[in-house]
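Asks: would you be able to build a 3D model of this:
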Amino acid sequence: MEIEFTLQLALILFLVALVAGFIDSIAGGGGLLTIPALMWAGLPPAAALATNKLQACGGSFFASVYFVRKGTVKLSDMKLAIGCALVGAAIGTTLVQMIDANILKTILPFLILAIGGYFLFSKKVSDGDRARVLTPSAFAFTVALGVGVYDGFFGPGTGSFFALGFVTLAGFGLAKATAHAKVLNFATNISSLLFFALGGKVVWLLGLIMLAGQALGATLGSRLVLTQGTKIIRPLVVTMSLAMSIKLLAEQYHWQLF
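Replies: Predicted coordinates:
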């Protein structure tokens with residue numbers, strides 16, 4: 001594929017990724033910015049999705065590292081969930097090549113909108129932990145595996161699905177849920193990236209430039225998660241859920257937004 005690489009293009013993609021990394025580390029949905037930016041740069045859809053996974057790995061990795069270093073996430077407690085998320089994403093990436101995703105595309109905007117509504121109206125959403133509904137093993141084999149399959153199969157809103165699972169089923173406060181969701185999201189991202197790389201779809205130079213921007217944005221956003229908690233996470237999750245739903249509905253029904 002022929003792409004005219006310029007310093008201006010590199011700077012624009014870096015800045016888009018920086019903003020997306022900041023948003024992703026708090027609420028998810030950064031792909032609303034990065035995938036259109038990659039397609040604007042001249043990448044076909046498959047290459048844009050593949051390259052987006054590379055840059056998303058940067059944001060989710062650096063956010064995860066920050067949360068682990070701060071002691072919010074203990075990796076020793078998440079080994080099974082991480083493993084299930086990795087396997088799930090691999091299964092999803094394989095399934096998407098064999099199954100029609102149109103049914104999922106139809107219902108997904110409403111699912112994501114429901115997540116936004118839950119975070120907006122539920123009194124359970126706070127920074128305090130509550131009673132756990134599922135054991136860690138049950139959570140790994142249901143939420144981590146299931147959302148992992150979804151991310152490999154389709155992807156939008158993965159971070160929100162993980163966070164919702166941690167809040168409702170693991171009993172985590174919102175900041176803690178966001179931190180743990182980012183670790184599992186990194187696992188699904190790296191698993192999907194491996195499959196895309198084997199298929200030769202990743203544009204490495206553009207992806208690595210954006211990865212640097214993601215890393216910076218994610219580090220800045222992660223700090224706000226721990227210092228501001230529900231005050232910043234709740235409104236941003238609601239906003240990004242609404243934005244993702246509108247975008248998916250617009251694509252489905254061919255709405256002209258601009």
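
Asks: now do the helices in this structure.
Replies: Remark: helices assigned in the chain by DSSP state H are 7-26, 31-40, 45-69, 79-95, 102-121, 136-139, 145-153, 158-168, 174-198, 204-228, 230-253.

Asks: for the fourth one, what is the distance to the chain centroid?
Replies: Taking the mean C-alpha point of helix 79-95 and that of its whole chain, the gap between them comes to 14 Å (Cα atoms, centre = their mean, to the nearest Å).

Asks: any weak-confidence spans in the stretch 151-258 of the chain?
Replies: By pLDDT under 70, the low-scoring segments of the stretch 151-258 of the chain are 255-258.

Asks: and Arg130, which of the helices of the chain is closest to it?
Replies: helix 158-168 (8.6 Å; Cβ to Cβ). Heads up, the C-betas are built off the backbone N, CA and C, glycines and all.

Asks: for that closest one, output the C-alpha coordinates as PDB.
Replies: The C-alpha trace of helix 158-168 is given here as PDB (Å, rounded to 0.1, in the frame of the first residue of the first chain):
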ATOM      1  CA  THR A 158     -14.400  -3.500  25.300                       C
ATOM      2  CA  GLY A 159     -13.000  -1.400  28.100                       C
ATOM      3  CA  SER A 160     -16.500  -0.400  29.200                       C
ATOM      4  CA  PHE A 161     -17.700  -4.000  29.200                       C
ATOM      5  CA  PHE A 162     -14.700  -5.100  31.300                       C
ATOM      6  CA  ALA A 163     -15.300  -2.200  33.700                       C
ATOM      7  CA  LEU A 164     -19.000  -3.000  34.000                       C
ATOM      8  CA  GLY A 165     -18.100  -6.600  34.800                       C
ATOM      9  CA  PHE A 166     -15.700  -5.500  37.600                       C
ATOM     10  CA  VAL A 167     -18.200  -3.100  39.100                       C
ATOM     11  CA  THR A 168     -21.300  -5.400  39.000                       C
END
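
Asks: wait, what's in contact with the residue nearest in space to the middle of the chain?
Replies: Centroid check for the chain by Cα atoms, centre = their mean gives Gly159 as the closest residue, at 4.2 Å. Listed by Cβ atoms under 8 Å, 6 or more residues apart in numbering, the contact set of Gly159 reads Asp24, Ala27, Gly28, Gly29, Thr178, Ala181, Lys182, Asn185.

Asks: try it again at 10 Å.
Replies: 23-31, 56, 60, 63, 147, 151, 178, 181-182, 184-185, 188, 237, 240 (Cβ atoms under 10 Å, 6 or more residues apart in numbering).

Asks: could you find the closest non-adjacent residue to Pro45?
Replies: Met39 (6.8 Å; Cβ to Cβ, 6 or more residues apart in numbering).

Asks: how close does that neighbour sit to Leu206?
Replies: Going from Met39 to Leu206 by Cβ to Cβ, to the nearest Å gives 11 Å.

Asks: for these two, indicate the residue with more neighbours.
Replies: Leu206 (27 against 15; other Cβ atoms under 10 Å).

Asks: dump the residue contacts of that one.
Replies: By Cβ under 10 Å, 6+ apart, the contact set of Leu206 is 3, 5, 9-10, 13-14, 17, 37-38, 41-43, 47-48, 51-52, 54-55.

Asks: can you check Leu248 too?
Replies: Leu32, Lys105, Thr106, Leu108, Pro109, Phe110, Leu111, Ile112, Leu113, Phe154, Pro156, Gly157.

Asks: could you do Asp77 as well?
Replies: Per Cβ under 10 Å, 6+ apart, neighbours of Asp77: Pro136, His180.

Asks: distance of it relative to Lys176?
Replies: Separation of Asp77 from Lys176 (Cβ to Cβ): 12 Å.

Asks: same thing with Gly42?
Replies: For Gly42, the distance to Lys176 equals 41 Å [Cβ to Cβ].

Asks: look up phi and psi at the closest residue to Leu205 other than its chain neighbours.
Replies: If the residues on either side of it in the chain are set aside, Leu205 comes closest to Phe5, at 6.9 Å by Cβ to Cβ, 6+ apart. Backbone torsions of Phe5, given as degrees, to the nearest 10, read phi -90, psi 120.
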